[in-house]
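Participant: Just a sequence and a predicted model for now, questions to come.
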Amino acid sequence: MGLLGQGPHGGIAREDGLSGLPPRTGARILVDQLLAQGVERVTCVPGESYLAVLDALRDSGIDILVCRQEGGAAIMAEAAGKLTGRPGICMVTRGPGATNASAGVHIARQDSTPMILFVGQIARRMRDREAFQEIDYRQMFGGVAKWAVEIDDAARIPEILARAFRVAMQGRPGPVVIALPEDMLDDVASVGDAPCVEPAEPAPSRADAERLRAMLAEAQRPVALLGGSRWSAETCTAFAAWAERHDVPVAVSFRRAQLFPADHPNFAGELGIGPNPALLARIKEADLLLMIGGRLSEMPAQSYGLLGIPDPGLPLVHVHPDPAELGRVYQPTLAIQASPAAFCAGLPDFAPTGSGRAAEAHASYRAWSETPEAKPGAFQYGQAITWLRERLPPDAVICNGAGNFATWIHRYYRFRAFGTQLAPTSGSMGYGLPAAVMAKRSHPDRIVVALAGDGDVMMTVQEFATAVQYDVPIVVVVLDNGMYGTIRMHQEREYPGRVSATELRNPDFAALARACGGHGESVERTEDFAPAFERSLGSGLPALIHCRVDPEALTPTMTLAAIREKALAAQRS
């Protein structure tokens, strides 16, 4: 007899069904486990493969967001994981439902976000016949999910879901995929609920803390780099106070700007795509790099050229909750297995040997991020970003997907609080709009803005209809330059003047928003942006502002023509 834990239904849950607990269907057991784990909201696209779960959800009190495509639903769940630190929950049907949702699973993997994807599955008796929409989900998701499992026995649902929540949150967080055979959901079992799962918080040893103290006390040019997940507002505040007390410059990894306030005197900038050259130099010249929570993967590592591999070339202290990430790429001088919360709770005090290093780093960041260069066109996107920087309150949530438009956000917007940035470190297009829907649904009292390129937004634009259906008044700002701008940029660098497969003919996005039942605005001049934004915000509806951007205004520093001419000159030389 296997014990499965103590649950709200009372008694000890047993595998043999002799617990004396009331019988429940597998679907009801599953929904009760979600409640036991504190789940308040799920996203889904309905399917006949898990009708029993949809029925069990109906009277559960769990908020159900029905989406228009499984990719959008999975992105919303991933955004929920970022916002709460606990797994976002998504439910999709088998076959095409699961394959569509895989985009969100990949984001959760690369972004280290806790998430659970439930996939309806064929009946058990039909397995291995290539039945209608049959896929082996263990095999399909085995390389991207932290764990992929199929539940054969309704009595084991509490056990497996408790493990799934733990796997999704513990160590390096990530996605779990659970397949649900439709006939299993109708089976009846007498089993108790599992207790609410809290992830383990590994902490530094005393010896590690003392060695770190000695290294910090000797360093003349220390730099801290924050990244990854498993942070909280309290942890960020504690680290900021420590950094200020010890004059340590603090940088953040790619799309992790919310981990340290940009207006803090110790903030040194974001280490991402097109970073401040002075920040790169500062890190290369550091005599101690304190890397907390992150992995320093390709984007922040500047295509793995910033540090040496495996010897980073400077004293490196790597703090990460998952031992598998310590020394995976860079061999650290000191490896500390600890979550950011546990590590920051015990940061050592020391007497700084450097002087004014943080002030110098912050001044460099401010100069780099203050005023955008003027670019071709009547609409200056950089000025719109700096206007939003001054207009929005510190708790406003900024969401974005992937594209050159995002480089203006990373450089010129200033994130000031934890929980205000939703952006994929995986570089997945289409992320911003569905992430904004989840953010606003979760925090209706906060302003939520999605910034998206024209190619980017069309990946998931159907979720604007979801925002309208649920009265979620987000503001979507679409930057339309009529092309896949990032690919065009690389195309001009590699094949100057030979345009292929990057031009776009777009709809009238403002009219599309109105057709869905939302508010739509069109902007062609910089001076029209602020009034359009205020009208959009004041409409009380999901709103979309269609901004027409000159194709030449491709990056904050280079025009399309300049990129092409530089490439042609290199070919001529």
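Facilitator: Cool, got the structure.
Participant: switch to C-alpha atoms for all contacts and neighbour counts from now on
Facilitator: Noted.
Participant: per-residue confidence for the closest residue to residue 380 other than its chain neighbours?
Facilitator: Using C-alpha to C-alpha, 6 or more residues apart in numbering and skipping the chain neighbours, the partner closest in space to residue 380 is residue 526 (5.5 Å). What the model reports as pLDDT for residue 526 is 98.
Participant: so how far is residue 384 from residue 526?
Facilitator: 7 Å (C-alpha to C-alpha, to the nearest Å).
Participant: what do you get for residue 453?
Facilitator: Computed as C-alpha to C-alpha, the residue 453 to residue 384 distance reads 14 Å.
Participant: go on, residue 35?
Facilitator: Relative to residue 384, residue 35 is positioned 43 Å away (criterion: C-alpha to C-alpha).
Participant: Tell me which of these two has more neighbours.
Facilitator: Under the neighbour definition other C-alpha atoms under 10 Å, residue 35 and residue 384 were set side by side, and residue 384 has more, 20 against 17.
Participant: Which strand or helix spans the more buried one?
Facilitator: When elements are assigned from DSSP states H and E, residue 384 belongs to helix 381-391.
Participant: As a check, name the ranges of all helices in the stretch 351-500 of the chain.
Facilitator: All helices of the stretch 351-500 of the chain, identified by DSSP state H, counting those that start in this stretch, fall at 357-369, 381-391, 405-412, 432-442, 454-457, 463-469, 485-494.
Participant: export those helices to a markdown table and tack on distance to residue 303?
Facilitator: Rendered in a markdown table, the data for those read as follows (distance: least, C-alpha to C-alpha, whole Å):
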| stretch | distance to residue 303 |
| --- | --- |
| helix 357-369 | 22 |
| helix 381-391 | 26 |
| helix 405-412 | 17 |
| helix 432-442 | 25 |
| helix 454-457 | 23 |
| helix 463-469 | 33 |
| helix 485-494 | 15 |
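Participant: Of all those helices, which one is nearest residue 46?
Facilitator: Residue 46 lies closest to helix 463-469 among these, at 13.8 Å (C-alpha to C-alpha).
Participant: What are the contacting residues of the closest one?
Facilitator: For helix 463-469, contacts defined as C-alpha atoms under 8 Å, 6 or more residues apart in numbering pick out 65-69, 72, 433-434, 437, 473-474, 513, 516-518, 541-542.
Participant: just checking, which of the residues you listed belong to helices?
Facilitator: Using DSSP state H, the members of the contacts of helix 463-469 that fall in helices are 72, 433-434, 437, 513.
Participant: about what we covered before: the helix holding residue 384 packs against which elements?
Facilitator: When contacts are defined as 3 or more C-alpha pairs under 8 Å, 6 or more residues apart in numbering; DSSP states H and E, helix 381-391 packs onto helix 405-412, helix 529-538.
Participant: same thing but 7 Å
Facilitator: helix 405-412 (3 or more C-alpha pairs under 7 Å, 6 or more residues apart in numbering; DSSP states H and E).
Participant: Please name every helix or strand in contact with the helix it packs on.
Facilitator: Using 3+ C-alpha pairs under 7 Å, 6+ apart, the elements in contact with helix 405-412 are helix 381-391.
Participant: one more time with 10 Å, if that's ok
Facilitator: In terms of contacts (3 or more C-alpha pairs under 10 Å, 6 or more residues apart in numbering; DSSP states H and E), helix 405-412 is packed against strand 267-271, helix 357-369, helix 381-391, strand 397-400, strand 448-453, strand 475-480.
Participant: now it: how far from the chain's centre is it?
Facilitator: The gap between where helix 405-412 is centred and where its chain is centred comes out at 16 Å by C-alpha atoms, centre = their mean, to the nearest Å.
Participant: before we move on, the earlier item: using a markdown table, please lay out the ones in helices among the contacts of helix 463-469 together with pLDDT, neighbour count and distance to residue 177.
Facilitator: Written out in a markdown table, the entries for those read as follows (pLDDT from 0 to 100; neighbours: other C-alpha atoms under 10 Å; distance: C-alpha to C-alpha, whole Å):
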| residue | pLDDT | neighbour count | distance to residue 177 |
| --- | --- | --- | --- |
| 72 | 98 | 31 | 17 |
| 433 | 98 | 33 | 24 |
| 434 | 98 | 31 | 20 |
| 437 | 98 | 32 | 23 |
| 513 | 98 | 24 | 34 |
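Participant: JSON lines for the residues you listed, including distance to residue 271?
Facilitator: As requested, these are arranged in JSON lines below (distance: C-alpha to C-alpha, whole Å):
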{"residue": "72", "distance to residue 271": "28"}
{"residue": "433", "distance to residue 271": "24"}
{"residue": "434", "distance to residue 271": "26"}
{"residue": "437", "distance to residue 271": "28"}
{"residue": "513", "distance to residue 271": "35"}
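Participant: and the residues you listed, which two are the farthest apart?
Facilitator: 72 and 513 (17.1 Å).
Participant: where's residue 335, which helix or strand?
Facilitator: When elements are defined using DSSP H and E, residue 335 is found to belong to strand 334-337.
Participant: What is the next helix or strand after that strand packed up against?
Facilitator: Helices and strands here follow DSSP H and E; after strand 334-337, the next one along the chain is helix 340-345. Contacts defined by 3+ C-alpha pairs under 10 Å, 6+ apart place helix 340-345 against helix 233-245, strand 288-292, strand 316-320.
Participant: Could you say which one of those comes nearest to residue 52?
Facilitator: The closest approach between residue 52 and any of the helices and strands packed on helix 340-345, judged by C-alpha to C-alpha, belongs to helix 233-245 at 38.2 Å.
Participant: Okay, angle between the closest one and strand 267-271 too, please.
Facilitator: Between the axis of helix 233-245 and that of strand 267-271 there is an angle of 120 degrees, by axes from the mean of the first three to the mean of the last three C-alpha atoms, to 10 degrees.
Participant: How far off centre is helix 233-245?
Facilitator: For helix 233-245, the separation from the chain centroid amounts to 22 Å (computed by C-alpha atoms, centre = their mean).
Participant: Please apply the same query to stretch 312-329.
Facilitator: With C-alpha atoms, centre = their mean as the basis, the mean position of stretch 312-329 lies at 22 Å from the chain mean.
Participant: what angle separates the helix holding residue 384 from strand 448-453?
Facilitator: Counting by the same axes, to 10 degrees, helix 381-391 lies at 170 degrees to strand 448-453.
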